[in-house]
Every structure is written in structure tokens, then in C-alpha cells.
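Colleague: Could you work out the structure for the sequence below:
(chains A and B)
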Amino acid sequence: MTASTTGPQRFEPMLRWYPPAWRDRYGGEMAALLEDTHGSGRVPLAQRLALAKAGAAERARAAGIIGNSTGNYERVRAGSHLILCAWALFMIGGAIFVKYSEHWDAAVPRAHQWRPNDGYLTVQIAGFVGVALVAFAALVVLPALVRHIRQHGTATIRRPIRRALIAGALAVGLTAGVAVWAHHLTGHARNGGLWPYTIVGGVLGLSVIAAIATSTAAAIQVTRQLDVSPRVMRFLGSMALVLSLMMLAVVTGTVVWWQAVAQYSPQFLGSGRVIGFSNVMPAPLMGATALMCIGLVLAGSGSVRMARQLGGDLTRT
Amino acid sequence: MPRRAAAKGELGRPNEPSILILTSLADEPKHGYALTKDIETFAGVTLGPGTLYGAIARLEERGLIEPTPTGDDERRRPYRITASGRQALTAAIADMRTLAEEGALRLGLRARALAFTTTNTGQTA
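Modeller: Sure, this is the predicted structure:
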């Protein structure tokens, strides 16, 4: 055994769940407590899990997501970040929905298309407004980003941005490659008839998820360091609330479309059904809706946390 | 999380970590391990490290406890209760006493306790 696995350093991995500032203040004391309690013995799994849970809670508290230890400004920012995470889930769920619902209008009789069309259109419009809101928010924080780079350089933001750019470039490259390949394939080959294409399609899906996840993480890591004025923060918070409403519209539109297609063209939903469920509940659609519902819960909690503070004093503490 | 082997049918004790820590520090400063052991002894509750230091951080933030100047071992820093901490603990104990007396009264335990005191000492409390 090396010194690092027998000394107090051996407890350090268990404390990584805590935010760095917290570890600087209490990490040494906690390691000493673990050392006094367990000596050179093993820390039980239940206690490791409890530490992970407590550390995650401290991180959420430090970010202003829970608790009252941060000011209004930090809470509005944390609420906006929570809503941005929810939007990332919606992008993934929305991508699955769009892929799955391709050519639905060819399957539903023309006389019954108005209701699914209304649902689909709601999803499209709300999705478009959501993307526009996020893009506009990025433009709004751009001056603060430039100021930050001028004052502090790029050292603290370089890593997450680089990660997001690499994941984004990979996803775009793969999409372009798959699109070119698909152009030379038959409809049967594109729809499960050619296994290498199916595998590459899966890898493409994962790369898109990675791109969305890394860009959301980068946006949060970078904007957490930016110093925007209380007025801008209030504006960003208000935009995040509108984004939450767009998510609600997307879920409503999806449910309306799903219900109408299930009623007028159940055979369209028959593929990919889950064993034990009726043939109008296909796995991809259930997965997409589940992601959206989780997102809606996140957005709801972020909105509630933020809405209470938006009218108050947003001076940074 | 606070752990205690509760007997069947027990409702539990007022085992709020912050009250347990303030109670433990009321007589003398203690560091993390000493706090854990003391709380185990007087309340029968084992506070995990995450719960203990989460509560310590919150209490310190509210100015109810403070670290004492460190000696040789910075990693075993004792904490002491502040004047505000004593005030908060006194208020919490008064609340608990009110609740305990009301519960005892409604269950008829207070009358019995008084009768017991009278029998044994020849006077009422």
C-alpha cells in the first residue's frame, strides 16, 4: 500500500463531491473525523453514499439551487441554470420526437389531420421560440463574457468551452457524414435493413446528446463566472421564465399530437412498441416524453425559485 | 444522516443536528470526533460526517458557533458556542419544554409526576 492509500489523503476522493471552497474550509477536518472514526479500516459504503449525497447538496447550495445561504442575484442565476438544464433535456427529447414523427402526415387521413397538425405546430413554434430565446440570452451575456476575458483571460473558461466545441464538431461531422451516406441508401437500408448504418446512427445520437450536454455544462460554468448587472440578470431571469412556458407548450403539443395520431392512425405508432404496453405507446415516444417531463419538473422548480426573487433587490452579494 | 436504533413504536427524539451540536458545545468546545461521540452518548444519535459538517457549516454561517484558535492540529479544530448560539439554544429548549409539558399534561403524565414528587418529598414542585 502506498502512503496515499493509508494517510488522510485516502479520504480525499470521498470529499470530491463537495464544492472546492467547501473542501478548502472543512475538507481537512472531515478527513480527520473519518480518520478518527475508521482508522486504517474501510469506510462503509453507506457512509460513502451519505457523503456523496451531502456533497451534492452542498454543491447545489453553493450554486443557489437550494437553501437560503445565497442572495437573490445568485438564486435567479441558479434558477436560470436549472431551466437551461431542463431545456437541454427538451432538446434531446425533441430530437427523438422529430425523428420519430417524420412523415406522420402521410399516415393520418387528411380529414383528421387538423388536431395532430395543431399539436405538431405547437411543438415546432415553441421549439423555435425556445431556441431563439437561448440564442438571444447568449447574445445578451456576450458583452459580460468579453469583459471577463479582458480582465481575467480565458484560463478559467477555456476547458469547458473546448470540450463543448470538440463534442459539437464531432456531432456536426458525423451528421454530415451520415447524411451523405444516407443519400446513397435505399429506404429499407436506412430503416434498420443495414446494421452498420444502424450502429452509426446510434453513435450519431450519442454524439448529439454529448454535444448538448457539454454545451449546456459550458454555458453554466462560464456564465457562473460572469458579472452581469442586476438589470441584465432580471432580464435573463424573465427570459428563462418564458422558456419554461415554451417547454410546457412543447409537452402539451406532443401529447395532443400523440393522442390524435393514436386515435386516427394507430398503425403509425405501432413500430417500436414496448412489450406489455398497447401499440400506441412506442418506446421512443415514451422516452422522449419522459425526458420532457423530467425537464418540466426541473424547469418548474427553477421557475418557482427564481420567480420569488425577480421582483426583489438583485444586487450581487 | 442521524442514525439511531429506534425501538418499535417510538416516535423518535428531537434529534435535529443543529440542536444536538449546540447542546454538545454548551459546556465546552469540541472538535468533530469529540462532538460525534458526545452526541452518541447523551442522545443515542450517530451523526455521519456529512450531516455533522453540513450542520456545523450552517451554524457557523449563522454565527451560532465559531472555531477556536487552532493549536498544533489544524485538522482537529474545536468549535465553541457563541452568545447568539446560547440564546438560540435557550429558545429551542424553552420551545421543547413547552411542548413536553403540554404533551405530559394532555396524557395525564404531569399529574402523575407531581403526585410522585409529592409522595417522595412531601411537597409539591
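
Colleague: For chain B, which residues are neighbours of chain A?
Modeller: B:1, B:31-33, B:36, B:48-54, B:56-58, B:61, B:73-77 (C-beta under 8 Å from any C-beta of the partner chain). For the C-beta atoms, the positions are set from N, CA and C on the backbone; glycine is no exception.

Colleague: try it again with 7 Å
Modeller: B:1, B:32-33, B:48-51, B:53-54, B:57, B:61, B:74-77 (C-beta under 7 Å from any C-beta of the partner chain).

Colleague: Name only those of the residues you listed that count as buried.
Modeller: Buried members of the residues of chain B next to chain A, counted by 16 or more other C-beta atoms under 10 Å in any protein chain shown: B:32, B:33, B:48, B:49, B:50, B:51, B:53, B:54, B:57, B:75, B:76, B:77.

Colleague: among those residues, which are in helices?
Modeller: B:32, B:33, B:49, B:50, B:51, B:53, B:54, B:57 (DSSP state H).

Colleague: With distance to residue A:24 added, can I get those in TSV?
Modeller: Converted to TSV, those look like this (distance: C-beta to C-beta, whole Å):
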residue	distance to residue A:24
B:32	16
B:33	21
B:49	17
B:50	17
B:51	20
B:53	13
B:54	16
B:57	12
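
Colleague: Closest approach to chain A from chain B, which residue is it?
Modeller: residue B:50 (2.8 Å; C-beta to the nearest C-beta).

Colleague: which residues does that residue contact?
Modeller: A:50, A:51, A:53, A:54, A:55 (C-beta atoms under 7 Å, 6 or more residues apart in numbering or on different chains).

Colleague: What of residue B:75?
Modeller: A:28, A:29, A:31, A:32.

Colleague: Could you give the number of residues near residue A:52?
Modeller: 16 (other C-beta atoms under 10 Å in any protein chain shown).

Colleague: one step back: same list (the ones in helices among the buried ones among the residues of chain B next to chain A) but as TSV, adding pLDDT.
Modeller: Shown next, in TSV, are those (pLDDT from 0 to 100):
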residue	pLDDT
B:32	92
B:33	93
B:49	91
B:50	92
B:51	92
B:53	94
B:54	92
B:57	92
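
Colleague: Could you check the pLDDT of the spatially most central residue of chain B?
Modeller: The C-alpha lying nearest the average C-alpha coordinate of chain B belongs to residue B:20 (C-alpha atoms, centre = their mean; 3.2 Å). We have a pLDDT of 95 for residue B:20.

Colleague: Residues of the stretch 1-150 of chain A that sit close to chain B?
Modeller: A:26, A:28-34, A:36-37, A:47, A:50-51, A:53-55, A:58, A:69.

Colleague: if we go to 10 Å?
Modeller: For the stretch 1-150 of chain A, the residues in contact with chain B (C-beta under 10 Å from any C-beta of the partner chain) are A:8, A:11, A:14-15, A:17-18, A:22, A:25-38, A:43, A:46-58, A:61, A:67-69.

Colleague: shaky segments in the stretch 151-300 of chain A?
Modeller: Along the stretch 151-300 of chain A, segments meeting pLDDT under 70 span A:271-278.

Colleague: Which member of the contacts of residue B:75 is positioned nearest residue A:189?
Modeller: Closest to residue A:189 out of the contacts of residue B:75 is residue A:31 (58.1 Å), distances taken as C-beta to C-beta.

Colleague: where's the closest one relative to residue B:30, distance?
Modeller: 18 Å (C-beta to C-beta, to the nearest Å).

Colleague: Pick out the residue in chain A sitting closest to chain B.
Modeller: For chain A, C-beta to the nearest C-beta, closest residue to chain B: residue A:54, 2.8 Å.

Colleague: and that residue, that one's in a helix?
Modeller: Yes - counting by DSSP: H, G, I helix; E, B strand; the rest coil, one finds residue A:54 located in a helix.

Colleague: which ones are touching it?
Modeller: A:17, A:18, A:30, B:1, B:48, B:49, B:50, B:51, B:52, B:53, B:54 (C-beta atoms under 10 Å, 6 or more residues apart in numbering or on different chains).
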